[in-house]
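Trainee: build the 3D model from these lines:
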Amino acid sequence: MSRPGHLEDIYAAPLQPDGEARLYTSNFFGPGDLVVSLAKDAPAFKVEVESPFRRLEPGDIPSLVLDPSQSVALTRLGARMQVTSAFDADTLYRRLPARQLVFLSDRCNRYILDDYTRFATFREVFVEYLVDIRARGRGEDLELQVRSFTREGGALGFRDLPSLILVDGVPVFNHSLVFNLDPSLVKRVDVYPFYCTFGQAMYSGVANFVTFKGDLGGIRFGDNVRILDYESVATPVAFVPSESHRYPGERETLLWQPIVDLAPGEELVLPLLKADEGLVLVVEGLTAEGKPVELVKIDSYSPK
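Mentor: Here you go, the predicted model:
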């Protein structure tokens, strides 16, 4: 399973006897296409993606009961929410970058096709300059092989294990579709000459054919592939102050940064606006060793 344009968002799992496969994703955000592939041809199958969100049946939602003692606090918070909305609070949200290339890193052999002679077929491209990939016949099928290092980091060579061939980050198991792709639609080819595993599958190398439009180059997949519309969880955002506006001091949250990576000894400077009632700094997270960290600091001083 994968999503176009996301190189490392590839997940593999064996099918259970009842036809179910469970995958744990970590970088799927917002709406987009979901590509589900079976490594072997399956001329007749149907894909149903179960929603990861909890569904409450009618009657399971309890009635809202407000404690009268909370009326003053709720009224104050309601006024602050209205002030924030009136002053274009939506402009204070910033989308956080998605995780990229954690396992494969950026150590790849990158071939930008415009830097070379543009040929009409990939057969010519492989022969003339893309020497890290070769095409070989395997029975009636065509197989693309990636030249890679040994598991111990030894000499480069072509291995017996299959290579993972991607188009815009989507696995393509029928390599003839890639071999017959129009090179004029491809911007670059990234070759990762390392052994890698996705789920329970191991590959001797990875090659990603990146198109200009990110539309898979118009490939017409076989019956072993299904493309579905899928709504993932919301994209992580940070709530930051705006330097171009002066807001009334009615907001509870001055800054919210849900994802922060700091190296040992590294400092983080946080831009803050005026806080009439002092500041509360809350830090929660994990260390590199996986130990939980929690810090709460209350500062009664209001920055000017």
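Trainee: okay, now the nearest residue to Gly157 once chain neighbours are set aside: neighbour count?
Mentor: Closest residue to Gly157 apart from its sequence neighbours, by CB to CB, 6 or more residues apart in numbering: Arg147 at 6.4 Å. All C-beta spots, glycine's among them, are computed from the backbone N, C-alpha and C. Arg147 has 19 neighbours, counted by other CB atoms under 10 Å.
Trainee: likewise Asn224?
Mentor: If we define neighbours as other CB under 10 Å, then Asn224 has 16 of them.
Trainee: let me know the pLDDT of it.
Mentor: Note on Asn224: pLDDT of 81.
Trainee: what's the distance between it and Val233?
Mentor: For Asn224, the distance to Val233 equals 28 Å [CB to CB, to the nearest Å].
Trainee: got it, and Val178?
Mentor: Taking CB to CB, one finds Val178 at 31 Å from Val233.
Trainee: who has more neighbours, those two?
Mentor: The neighbour comparison of Val178 against Val233 (other CB under 10 Å) goes to Val178, with 22 against 11.
Trainee: would you verify that Asp114 is located in a helix?
Mentor: Yes - membership of Asp114 in a helix is supported by DSSP: H, G, I helix; E, B strand; the rest coil.
Trainee: check which helix or strand covers the residue nearest to it when sequence neighbours are not counted.
Mentor: Leaving aside its sequence neighbours, Asp114 sits nearest to Lys187 (CB to CB, 6+ apart; 7.7 Å). According to DSSP states H and E, Lys187 maps onto strand 186-192.
Trainee: from the contact counts, what lies against that strand?
Mentor: strand 109-112, strand 206-211 (3 or more CB pairs under 8 Å, 6 or more residues apart in numbering; DSSP states H and E).
Trainee: would you map out the domains in the chain?
Mentor: Domain assignment for the chain by automatic domain parsing gives 100-218, 240-299.
Trainee: average model confidence for the first one?
Mentor: Along domain 100-218, the predicted local confidence has a mean pLDDT of 86.
Trainee: chain center to it, what's the gap?
Mentor: Distance, stretch centre to chain centre, for domain 100-218: 20 Å (CA atoms, centre = their mean, to the nearest Å).
Trainee: quick one: the helices in the stretch 151-300 of the chain?
Mentor: Taking DSSP state H, counting those that start in this stretch, the helices of the stretch 151-300 of the chain run over residues 175-179.
Trainee: show the pLDDT at Pro17.
Mentor: Reported pLDDT for Pro17: 85.
Trainee: that one: what secondary structure?
Mentor: coil.
Trainee: for the remainder of this discussion, apply numbering that starts at 272.
Mentor: Shifting the count to begin at 272 puts that one at Pro288.
Trainee: for it, phi and psi?
Mentor: phi -50, psi -30 (degrees, to the nearest 10).
Trainee: measure how buried the residue lying closest to Cys379 once chain neighbours are set aside is and give me the count.
Mentor: Counting by CB to CB, 6+ apart, Cys379 lies nearest to Asp461, which is 4.5 Å off, once chain neighbours are set aside. Here the number of neighbours of Asp461 (other CB under 10 Å) works out to 18.
Trainee: quick one: low-confidence residue ranges for the stretch 472-575 of the chain.
Mentor: Scanning the stretch 472-575 of the chain with the threshold set as pLDDT under 70 gives 511-525, 542-549, 571-575.
Trainee: coming back round to it: so the residue nearest to Cys379 makes contact with Arg378?
Mentor: No - Asp461 is beyond contact range of Arg378, at 10.2 Å (criterion: CB atoms under 8 Å).
Trainee: returning to what we had before: and the residue nearest to Cys379, bridged to which residues?
Mentor: Arg381, Asn479 (DSSP bridges).
Trainee: quickly note the distance from it to Gly349.
Mentor: Asp461 is 51 Å from Gly349, by CB to CB.
Trainee: for Leu427, same thing?
Mentor: For Leu427, the distance to Gly349 - CB to CB - is 65 Å.
Trainee: got it, and Tyr474?
Mentor: For Tyr474, the distance to Gly349 - CB to CB - is 55 Å.
Trainee: if you count surrounding residues, which of those two has more?
Mentor: Tyr474 (21 against 10).
Trainee: show me the beta-bridge partners of that one.
Mentor: Cys467.
Trainee: what sits against it?
Mentor: 432-435, 466-468 (CB atoms under 8 Å, 6 or more residues apart in numbering).
Trainee: let's see 10 Å
Mentor: The contact partners of Tyr474, by CB atoms under 10 Å, 6 or more residues apart in numbering, come to 417, 419, 430, 432-436, 442, 463, 465-468.
Trainee: with Ala478 instead?
Mentor: 379-380, 382, 401, 403-404, 415-418, 434-438, 446, 449, 460-464.
Trainee: 6 Å instead?
Mentor: 404, 417, 436, 462 (CB atoms under 6 Å, 6 or more residues apart in numbering).
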